[in-house]
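Novice: mind folding the following:
(one chain, ligands or ions: 1)
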Amino acid sequence: MAHLQDQISKFQRVQYPLDSNAYKILDEIGVGVSATVYKAICVPMNSTLVAIKCIDLDRSRSDLDSLRREAKTMSLLSHPNILESHCSFTVDRHLWMVMPFMSAGSLQSIISSSFPDGLPEPCIAVVLKETLNALSYLHDQGHLHRDVKAGNILIDSNGKVKLADFGVSASIYELNTLERSSSLSSSSRMRLTDLAGTPYWMAPEVIHSHTGYSLKADIWSFGITALELAHGRPPLSHLPPSKSLIMKITKRFRFSDCHDENHKKNRRNKKFSKAF
Ligand SMILES: Nc1ncnc2c1ncn2[C@@H]1O[C@H](COP(=O)(O)OP(=O)(O)OP(=O)(O)O)[C@@H](O)[C@H]1O
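Specialist: The predicted structure follows:
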């Protein structure tokens, strides 16, 4: 029933114009590896604020098909905790993805500007609950996010929490990016094998496994994100990314010694509830 309502609300979505002239760029929000995100207004729609991700097709690590897939995935998903795309279209050698503008930015930027040692526990609880709602929906639809981290959790002006950035997301039903382990009929046995995500947040089985990985890889990254929100950075982040990967797959990794000395002192001063 809930799924049917999702489908109905998808068709009821307002149609944003597929023409770059309908948008007026106001500011640059940030620059990623192959994309720049701008704050803009959609003029024919009462100057509604939007964010436009402009992906340079010549610089992008992904081919046009996977970018189209990302845009399609975002436009088909419909959940209050998932950042949807209003529309997408190409402008010269760029793909424009028009999204809701999340004015408070990412949790990672909030932490680095105002909470370098981590957020208060009640805030963490709210953010984690909303993120789990998003993951639960995504997994029910057969999608792995594969890059869960504070930098991909965005907040809008009303404090709404949305999981963003589906650039490396994957469907467990897509045969070209996965191997089926033994049974052709069981989707839970479908496992991905390609390396995707950001090193400190990656599950050990994503880095190295003979049998591939599945939905639980997102839950590992979710756990690392919980620690990132609590302490201001993820475990092992005092090490170079490649060393953090080796530590994880050689099992020389304990949460109790995953920070440098300065950070350990801060950690000892922090108290969390037993539930956390
Ligand atoms: N809808 C949005 N509203 C407000 N800010 C956004 C929105 N989408 C992205 N941003 C911000 O724009 C910046 C660039 O985002 P983008 O996703 O392109 O790159 P990134 O996550 O920094 O890096 P990467 O290229 O590795 O994905 C980030 O600071 C992000 O928080």
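Novice: any idea how far Ser85 is from Glu70?
Specialist: 9 Å (CB to CB, to the nearest Å). The C-beta positions use only the backbone N, C-alpha and C, and glycine is treated the same way.
Novice: again, but for Arg68
Specialist: Taken as CB to CB, the span from Arg68 to Ser85 is 11 Å.
Novice: comparing those two, which residue is more hemmed in?
Specialist: Ser85 (22 against 14; other CB atoms under 10 Å).
Novice: did I read that right, that one in a helix?
Specialist: No - assigned with DSSP: H, G, I helix; E, B strand; the rest coil, Ser85 falls outside any helix and is coil.
Novice: got the residues of the chain near the ligand?
Specialist: Taking CB under 6 Å from any ligand atom as the criterion, the chain approaches the ligand at residues 29-30, 32-33, 35, 37, 51, 53, 83, 99-102, 105-106, 109, 151, 154, 164-165, 167.
Novice: now a ChimeraX select for only the buried ones of the residues you listed.
Specialist: To isolate the buried subset of these in ChimeraX, counting by 16 or more other CB atoms under 10 Å, use the following:
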select :29,35,37,51,53,83,99,100,101,102,106,109,151,154,164,165,167
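Novice: can you give me the helices in the stretch 151-276 of the chain?
Specialist: Per DSSP state H, counting those that start in this stretch, the stretch 151-276 of the chain carries helices over the ranges 204-207, 216-231, 241-249, 261-269.
Novice: format those as TSV; extra columns: mean neighbour count and mean pLDDT.
Specialist: TSV is the format used below for the helices of the stretch 151-276 of the chain (neighbours: other CB atoms under 10 Å; pLDDT from 0 to 100):
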stretch	mean neighbour count	mean pLDDT
helix 204-207	20	85
helix 216-231	21	95
helix 241-249	16	77
helix 261-269	11	62
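Novice: of all those helices, which lies closest to Cys123?
Specialist: Checking these against Cys123 by CB to CB gives helix 216-231 as the closest, at 7.9 Å.
Novice: just the CA trace of the closest one, in PDB.
Specialist: Only the C-alpha atoms of helix 216-231 are listed here, as PDB (Å, rounded to 0.1, in the frame of the first residue of the first chain):
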ATOM      1  CA  LYS A 216      25.100  -5.200   4.800                       C
ATOM      2  CA  ALA A 217      27.900  -3.100   3.400                       C
ATOM      3  CA  ASP A 218      25.700  -0.100   3.800                       C
ATOM      4  CA  ILE A 219      25.100  -1.000   7.400                       C
ATOM      5  CA  TRP A 220      28.900  -1.000   8.100                       C
ATOM      6  CA  SER A 221      29.200   2.400   6.500                       C
ATOM      7  CA  PHE A 222      26.200   3.500   8.600                       C
ATOM      8  CA  GLY A 223      28.000   2.400  11.800                       C
ATOM      9  CA  ILE A 224      31.200   4.300  10.700                       C
ATOM     10  CA  THR A 225      29.000   7.400  10.100                       C
ATOM     11  CA  ALA A 226      27.500   7.000  13.600                       C
ATOM     12  CA  LEU A 227      31.100   7.200  15.000                       C
ATOM     13  CA  GLU A 228      31.900  10.100  12.600                       C
ATOM     14  CA  LEU A 229      28.900  12.000  14.000                       C
ATOM     15  CA  ALA A 230      30.000  11.200  17.600                       C
ATOM     16  CA  HIS A 231      33.700  12.100  17.300                       C
END
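Novice: give me the subset of the residues of the chain next to the ligand lying in helices.
Specialist: When those are checked against helices (DSSP state H), the matches are Ser109.
Novice: and stretch 194-205, how far out from the chain's middle?
Specialist: Mean-position distance between stretch 194-205 and its chain equals 13 Å (CA atoms, centre = their mean, to the nearest Å).
Novice: and it, which residues are buried?
Specialist: Ala196, Gly197, Thr198, Pro199, Tyr200, Trp201, Met202, Ala203, Pro204, Glu205.
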